[in-house]
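A.B. asks: Provided below are the primary sequence and the corresponding predicted coordinates.
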Amino acid sequence: MVHVLVRDAAGRLYLQKRARHKDIQPGKWDTSVGGHVQPGETTEQAARREMGEELGIHEQLPLVYLHEYLWRSAVESEYVTTYACVFAGDPQPAPDEIDEGCWWTVAEMAARSDELTPNCREELRRYHAQCQS
């Protein structure tokens, strides 16, 4: 699994609201981009492909490697590699996968954390810990 945290120049993060038809965490806010690595792909290639598929971001933006971790829940177990990038445009969410998307401040994410997927909360915890170290 690969995630990308897309932020703007002001430091806000773009989050996507998972489509209501998804099996796992439908209607919850999640990381900017998330998807599976296909056979023969590197995690960076998968990140770029998923950015294009999910948010219409096809530019060759610099991706910054953040971290890797094992995510386990009652319904899934995945090894996650996470990248970050800065994007100056307006993402175009894929309507078949994402109900909506918007830019969030740190304060907004903290105030509405119950609306985020558990994995998104873990990503944000790791991200903010890295930013402060």
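C.D. replies: Perfect, thanks for sending it. Residues are numbered from 1 along each chain as shown.

A.B. asks: could you list every residue that touches Gly47?
C.D. replies: That one is not Gly; residue 47 is Ala. By CB atoms under 8 Å, 6 or more residues apart in numbering, the residues touching Ala47 are 2-4, 33, 63, 81, 83. Placement of C-beta: from N, CA and C, glycine included.

A.B. asks: Closest one of the residues you listed to Gln45?
C.D. replies: Of all those, Gln45 sits closest to Val2, with 9.1 Å by CB to CB.

A.B. asks: Thought Ala46 was touching that closest one, still the case?
C.D. replies: Yes - Val2 lies in contact with Ala46 (CB atoms under 8 Å); the separation is 4.5 Å.

A.B. asks: shared neighbours of the two, which are they?
C.D. replies: Joint contacts of Val2 and Ala46 (CB under 8 Å, 6+ apart) are 35-37.

A.B. asks: I'd like to know which of those are buried.
C.D. replies: When the shared contacts of Val2 and Ala46 are checked for burial by 16 or more other CB atoms under 10 Å, the buried set is 35, 37.
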